[in-house]
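Chemist: with the input below, show me the fold.
(one chain, ligands or ions: 1)
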Amino acid sequence: MKRIILTGGGTAGHVTPNIALLPGLRSLGFEIHYVGQTTGIERQLIEPEGIPYHPIPAGKLRRYIDLKNVRDIFLVIAGFLKACLLLYRIKPHIIFSKGGFVSCPLVWAAWLHRIPAILHESDLTPGLANKLSLPFAVHICYSFPETAAMLPSGKATHTGIPIRESLQKGEQAKGRELCGFTDTKPVVLIIGGSQGSETINHVIRNALQELQPQFQICHICGPGNIQAEIHLPTPGPSREGKLQTTPGYAQFEYVDKELPHLLALANVVVSRAGATTIFELLTLRKPNLLIPLSRKASRGDQVLNAQSFAKQGFSRVLEEEDLTVASLIENIRCTYEQRQTLIQAMNAATTTNGIEQVIEVIQRFVR
Ligand SMILES: CC(=O)N[C@H]1[C@@H](OP(=O)(O)OP(=O)(O)OC[C@H]2O[C@@H](n3ccc(=O)[nH]c3=O)[C@H](O)[C@@H]2O)O[C@H](CO)[C@@H](O)[C@@H]1O
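Modeler: The predicted structure follows:
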């Protein structure tokens, strides 16, 4: 029996593509293990999948000077030593790494043990963890055709992102029941990435009053971000916030098994431009408005992801710098009005679910 170790973590986008691969790997008879952080979201998402989970220490690799870098160097070394022990014990035939900092020590240790490691890059521009791992990997898969120019030819394959089959099996009625919605108004689903976005949360809550006559709003706001009481501004001289009950508005922190139903219910999706989510929206043909994480708060990968999708006509984009209550409302309305055009462009897309292509690459390199 061939053994494979999957790794990747830090945020859900580095984990859900691994989950998408599980049924295919199982049907090929692989014994599957997972290596992730002790307390990362990967542990929460992987343990219920019933595969052995092996935690290792992980240090964040920063591009800037910070005292925490000193502590994290020791964490990376500890992660590397633990990874070496795990490889010795499990003796995998291959490693598949979805990236995130936890993956680097495992890929480096695999190189030392002469075990082939395959990487997967989701974003249009390669992230730091994958850049540091690439010299030690046998191959890298990528999602955006544009990424080819940034990777060594002969060592890279355009596969797309593996997307969980379960996402295609959502039921509108179940989504409606989860949200307590009626079937009289269209539904806008807001997803601020796996961790939620405080900026988007704030603006959408201030836009509720104006949006609600036309739409029902399902808001995935991220762990710890549910707001029990929504204060809507009232017209009048005092302009004090007035507590309102808000039927037609449902909040969730993070959804797992419920996500397919909420996606099935949505007529329009407003989302960050994390690579995994936007390819999921493309696969499901969901008209979408993307608000990429700005260059100020990140390396700008989401801005480029969003531009690529907008260029192909799959998405509308609202830059975070231009995000206001008024611009959000206007863009949601435009996205809803243009939904058929967006769906047509998505129907013409050649990118497909990457499960088969990634498994083909794994089989090519497994020893
Ligand atoms: C802040 C940050 O560092 N973001 C990066 C992170 O995004 P992050 O991991 O947040 O976002 P992605 O869009 O890539 O993936 C999120 C995944 O979580 C799932 N999901 C989300 C919310 C929820 O309630 N339930 C749920 O299942 C989505 O369906 C998707 O599968 O990794 C992505 C690459 O992989 C990058 O493009 C993002 O720039």
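Chemist: can you pull up the bridge partners for the closest residue to residue 179 other than its chain neighbours?
Modeler: Nearest residue to residue 179 in three dimensions, chain neighbours excluded: residue 250, at 3.8 Å (Cβ to Cβ, 6 or more residues apart in numbering). No exception for glycine: its C-beta is placed from N, CA and C like everyone else's. Counting by DSSP bridges, residue 250 forms beta bridges with residue 218.
Chemist: mind checking how far residue 250 is from the ligand?
Modeler: 13 Å (Cβ to the nearest ligand atom, to the nearest Å).
Chemist: go on, residue 283?
Modeler: For residue 283, the distance to the ligand equals 11 Å [Cβ to the nearest ligand atom].
Chemist: now swap in residue 279 and tell me
Modeler: Residue 279 sits at a distance of 8 Å from the ligand (criterion: Cβ to the nearest ligand atom).
Chemist: ditto for residue 59
Modeler: Using Cβ to the nearest ligand atom, residue 59 is found at 16 Å from the ligand.
Chemist: my read: that residue touches residue 102, true?
Modeler: No. Using Cβ atoms under 8 Å, residue 59 is not in contact with residue 102; the gap is 9.2 Å.
Chemist: the two: who's more crowded?
Modeler: Taking other Cβ atoms under 10 Å, residue 59 and residue 102 do not tie; residue 102 has more neighbours (30 against 21).
Chemist: okay, now the residue nearest to the more buried one when sequence neighbours are not counted: neighbour count?
Modeler: Spatial nearest neighbour of residue 102, chain neighbours left out: residue 58 (3.9 Å); criterion: Cβ to Cβ, 6+ apart. By other Cβ under 10 Å, 28 other residues sit near residue 58.
Chemist: for residue 58, what are phi and psi?
Modeler: Phi and psi for residue 58, reported as degrees, to the nearest 10, are phi -140, psi 140.
Chemist: now the one 10 residues further on
Modeler: Taking degrees, to the nearest 10, you get phi -60, psi -20 for the backbone angles of residue 68.
Chemist: okay, now it: neighbour count?
Modeler: For residue 68, the neighbour count with other Cβ under 10 Å is 11.
Chemist: separation between it and the ligand?
Modeler: 17 Å.
Chemist: cool, residue 273 as well?
Modeler: From residue 273 to the ligand the distance is 7 Å (Cβ to the nearest ligand atom).
Chemist: where does the prediction get shaky in the chain?
Modeler: 61-64, 231-245 (pLDDT under 70).
Chemist: please save the CA atoms from stretch 350-363 in PDB.
Modeler: Extracted in PDB, the C-alpha atoms of stretch 350-363 (Å, rounded to 0.1, in the frame of the first residue of the first chain):
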ATOM      1  CA  THR A 350     -11.900  26.200 -19.600                       C
ATOM      2  CA  THR A 351     -10.600  25.800 -16.100                       C
ATOM      3  CA  THR A 352     -12.100  22.800 -14.400                       C
ATOM      4  CA  ASN A 353     -12.000  21.200 -10.900                       C
ATOM      5  CA  GLY A 354      -8.300  20.300 -10.300                       C
ATOM      6  CA  ILE A 355      -8.900  17.000  -8.500                       C
ATOM      7  CA  GLU A 356      -8.100  14.700 -11.500                       C
ATOM      8  CA  GLN A 357      -5.100  16.700 -12.700                       C
ATOM      9  CA  VAL A 358      -3.500  16.900  -9.200                       C
ATOM     10  CA  ILE A 359      -4.000  13.200  -8.700                       C
ATOM     11  CA  GLU A 360      -2.400  12.500 -12.100                       C
ATOM     12  CA  VAL A 361       0.700  14.500 -11.000                       C
ATOM     13  CA  ILE A 362       0.800  12.600  -7.700                       C
ATOM     14  CA  GLN A 363       0.700   9.300  -9.500                       C
END
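Chemist: what sits against residue 179?
Modeler: Going by Cβ atoms under 8 Å, 6 or more residues apart in numbering, residue 179 touches 187, 216, 218, 250, 262, 265.
Chemist: around the ligand, pick out the residues from the stretch 151-300 of the chain.
Modeler: Counting by Cβ under 6 Å from any ligand atom, the residues of the stretch 151-300 of the chain lying close to the ligand are 191, 193-195, 220, 254-256, 259, 274-277, 280, 293.
Chemist: hmm, 8 Å instead?
Modeler: Proximity of the stretch 151-300 of the chain to the ligand, by Cβ under 8 Å from any ligand atom, involves residues 163-164, 167, 191, 193-195, 220, 222, 252-256, 259, 271-278, 280, 293, 297-298.
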